[in-house]
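Asks: how does the following fold in three dimensions:
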Amino acid sequence: MEVEFDVQMTSADLYDYMLHHTYTSASGLIGSVAGALMVVAGASGGGILCLIAGIIVLLYLPVTLFLKSKQQFLSNPSFKKPLHFKMTEEGIEVSQGENTESQKWEDMKKAVSTTRSIVVYTSAVNASIFPKRELGEKSSAVIEMISIHMPPQKVKIKC
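Replies: Modelled structure (predicted):
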């Protein structure tokens, strides 16, 4: 079985990935909890500075990630043209123009879903992002390929 599809990334797809990646990490969770605690403390009599600091902490990450995703999208030439993905029994092959790279299934770190995409991590910080709008009717075949070839504990995809 093989599944092939093309993906044209947008800065919104990149932002969605960055949000998910950040807020599922320890630093993202700690920052959110700290910001929320400051807001609660400030609102319950801890002072206006505590409230303002909490709001700034809570807004900092999403705003920074939004700006970073825009900048990365505009400066990375690989986002200008569609990427062609081919899922095979061996792994995932991605090509663009004359460049082709492959990753074996056993080397994949994990697979997750976000509100907009299915993400297959090829390392702790690198991933192949498959926007759901680009997958269309192939979405279930992509999820099936991932589920068949990756151990269940590495797959956290919600349909």
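
Asks: residues contacting E2?
Replies: For E2, the contacting residues are K86, M87, T88, E89, by CB atoms under 8 Å, 6 or more residues apart in numbering. (Glycine included, C-beta is placed from N, CA and C.)

Asks: grab the nearest non-local neighbour of the residue nearest to the spatial centre of the chain.
Replies: By CA atoms, centre = their mean, the chain has its centre lying nearest to Y17, at 2.3 Å. Using CB to CB, 6 or more residues apart in numbering and skipping the chain neighbours, the partner closest in space to Y17 is I129 (5.2 Å).

Asks: from the contact counts, what lies against the helix or strand where that neighbour lies?
Replies: Using DSSP states H and E, I129 sits in strand 127-131. Counting contacts by 3 or more CB pairs under 8 Å, 6 or more residues apart in numbering; DSSP states H and E, strand 127-131 packs against strand 3-7, helix 11-23, strand 117-121.

Asks: can you give me the mean pLDDT across that strand?
Replies: Per-residue pLDDT values over strand 127-131 give a mean of 94.

Asks: what's the following helix or strand after it?
Replies: Heading C-terminal from strand 127-131 (DSSP H and E), you reach helix 132-135.

Asks: list the buried residues in that following helix.
Replies: Judged by neighbour count (16 or more other CB atoms under 10 Å), helix 132-135 contains these buried residues: K132, E134, L135.

Asks: using PDB, write down the CA coordinates of it.
Replies: In PDB, the C-alpha atoms belonging to helix 132-135 read as follows (Å, rounded to 0.1, in the frame of the first residue of the first chain):
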ATOM      1  CA  LYS A 132      -5.900  18.300   6.900                       C
ATOM      2  CA  ARG A 133      -7.300  20.600   4.200                       C
ATOM      3  CA  GLU A 134      -4.500  19.300   1.800                       C
ATOM      4  CA  LEU A 135      -5.100  15.700   2.600                       C
END
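
Asks: from G31, how far out is the nearest residue to K109 once chain neighbours are set aside?
Replies: In this structure, K109 finds its nearest non-sequential neighbour in Y121, 4.1 Å apart by CB to CB, 6+ apart. Distance, Y121 to G31, using CB to CB, to the nearest Å: 21 Å.

Asks: how many neighbouring residues does the closest residue to R133 other than its chain neighbours have?
Replies: Counting by CB to CB, 6+ apart, R116 is the residue found nearest to R133 once chain neighbours are left out, at 7.5 Å. Using other CB atoms under 10 Å, R116 has 19 other residues around it.
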